[in-house]
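1. this is a predicted model, with the sequence first.
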Amino acid sequence: MRYLPALLIGRLVRFAVRLVRRGGGSALPGLLVSKLAPNLVYKTLGSFPKGLVVITGTAGKSTTTKMVVGIARAHGLDVFTNPSTANIEQGFFSTIIRYGNLFGKVPGDIAILEMDEAHAATFVTRIKPRISVILNVFEDQLDRFVDPALVREKLAIVAKATSEIVLLNANDQNCLLIGQSKLQAAVEYFEINESVTNSQATIAYANTYSPTIEKPHSKYEVTSLQEREVTLRIEETSIQFELPAKGIHFALDAVAAVAAAKRILGGEYSPAVTTKAMNEMPPVFSRGEIRRVDGEDVEFILVQNPISTQLNLNNLGDNLEQIFFAIGRDVHDPSWLWTVDLAKLKNVAIVTGFNFADATLALAYQQVPFGRVEPDYFKAIADFFALPKPSSGHKTVIYSADAMRRLRRYKGFTDPEDVNRV
């Protein structure tokens, strides 16, 4: 009963916001309830019989979480998760408001949540994860983390708070340093085999400036990747399936997800069920998502930092005729654009977003041709989708998080689960 007034107010605020702005109502109610009932999220997330699973790291959290949740549900588990990728504390409150009852009770066997690196480190001081998955440490936006070592330190706090299993990326020296910490949980590793990384675009992990640690044995490994077809070694067995989107980073997410699912499920884990679930898994919205817009296919690609941008650009098709490039107000320091090889951005039709000038300058310096610069973001959206259908390929939208949210609201794509597999 103690949480009833706060949750009732939160639901009323959510309803009111959604009346005013379609697809809104996720941030404000969570922020409000976090002030009125700050212990609610910890009480709720500490109540699941099979505990809490935390998935964190610089990049890949949303995709990995969706994969783990999909596999667990395919095996019959009732899972509580944050499907809108609201991965900070107020987002967890918002998810409880949406899916819980007025007493703060959320149905489910287990909570599987993606968490922002900084917020996860604070969160686990109050509630201990049963299993943690730490994906990577990349060079991030400097206004958030001035040094990757700070990210590693935050992730080490999560690892130290974990009670049962910490799953770490054996390809990342930062993760190996975390694995050498004094942990109460067992440590297991996942990796991409060198034969795969040698034939694919390189994943550039942040430098540790420490002596190289010898890579440990990994129980879980990407052994082959051809386009979207991936083969994983899961301990002593192999499974093969098609990824929801193309890219070596999605293969890394997949092996981490299957490793986590196997540990969550224990003796209930089935390779056949896992393979079927992964073959049917849609991408997370805007992570290589292709959807019909105004009668034609459009691909949506979210970029958030230098590495995610580079990896996604490396996987662009060669026959793209119309690209929408929007860097929004979430990029407080757009200087990182200068560290990205933008050469794959051929045939940029419109450059826009809050940081349109910086994006345009970076493109011009690298001699990437572009059609036009449009400071008015919503006019840019309307004009881009009004362009004639390209003669080959499809329209492609590349945008940062702020530009993504604004475009999706403008076009009415407000349900994060409304994503289909192509």
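-> Yes, it's here. Numbering: from 1, shown residues only.

2. every contact and neighbour count from this point should use C-alpha atoms.
-> Noted.

3. in the helix or strand Val41 falls within, which residues are buried?
-> Secondary structure from DSSP states H and E places Val41 in helix 40-45. Residues of helix 40-45 classed as buried: Leu40, Val41, Tyr42, Thr44, Leu45 (neighbour count, 16 or more other C-alpha atoms under 10 Å).

4. was I right to think Phe285 contacts Asp415?
-> No - the criterion here is C-alpha atoms under 8 Å, and Phe285 misses it with Asp415 at 9.1 Å.

5. neighbour-wise, which of those two wins?
-> Taking neighbours as other C-alpha atoms under 10 Å, Phe285 and Asp415 compare with Phe285 leading, 25 against 13.

6. quick one: the more buried one from Lys105, how far?
-> Relative to Lys105, Phe285 is positioned 28 Å away (C-alpha to C-alpha, to the nearest Å).

7. can you show me the helices along the stretch 51-200 of the chain?
-> 61-74, 89-99, 117-123, 148-161, 173-179, 194-199 (DSSP state H, counting those that start in this stretch).

8. compare those and say which comes out lowest on pLDDT.
-> Per-stretch mean pLDDT for those is lowest at helix 89-99 (a mean of 71).

9. for Leu302, what are phi and psi?
-> Backbone torsions of Leu302, given as degrees, to the nearest 10, read phi -90, psi 130.

10. now do Asn319
-> When read as degrees, to the nearest 10, the backbone of Asn319 gives phi -110, psi 20.

11. okay but it is in contact with Gly393, surely?
-> Yes - using C-alpha under 8 Å as the test, Asn319 is close enough to Gly393 to be in contact (5.8 Å).

12. when the two are compared, which one has more neighbours?
-> Between Asn319 and Gly393, counted using other C-alpha under 10 Å, the more crowded position is Gly393 (16 against 13).

13. CA atoms only: put the one helix or strand Phe250 maps to into CSV for me.
-> Element membership of Phe250, judged by DSSP H and E, is helix 248-265. C-alpha atoms of helix 248-265 as CSV (Å, rounded to 0.1, in the frame of the first residue of the first chain):
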residue,chain,number,x,y,z
ILE,A,248,30.4,-8.3,-36.6
HIS,A,249,29.1,-6.3,-33.6
PHE,A,250,25.8,-8.1,-33.8
ALA,A,251,27.6,-11.5,-33.8
LEU,A,252,29.4,-10.4,-30.6
ASP,A,253,26.0,-9.5,-29.1
ALA,A,254,24.6,-12.9,-30.1
VAL,A,255,27.4,-15.0,-28.5
ALA,A,256,27.1,-12.9,-25.3
ALA,A,257,23.3,-13.4,-25.3
VAL,A,258,23.4,-17.2,-25.9
ALA,A,259,26.1,-17.5,-23.1
ALA,A,260,23.8,-15.5,-20.7
ALA,A,261,20.7,-17.5,-21.7
LYS,A,262,22.5,-20.8,-21.1
ARG,A,263,23.6,-19.7,-17.6
ILE,A,264,20.1,-18.4,-16.8
LEU,A,265,18.3,-21.6,-18.0
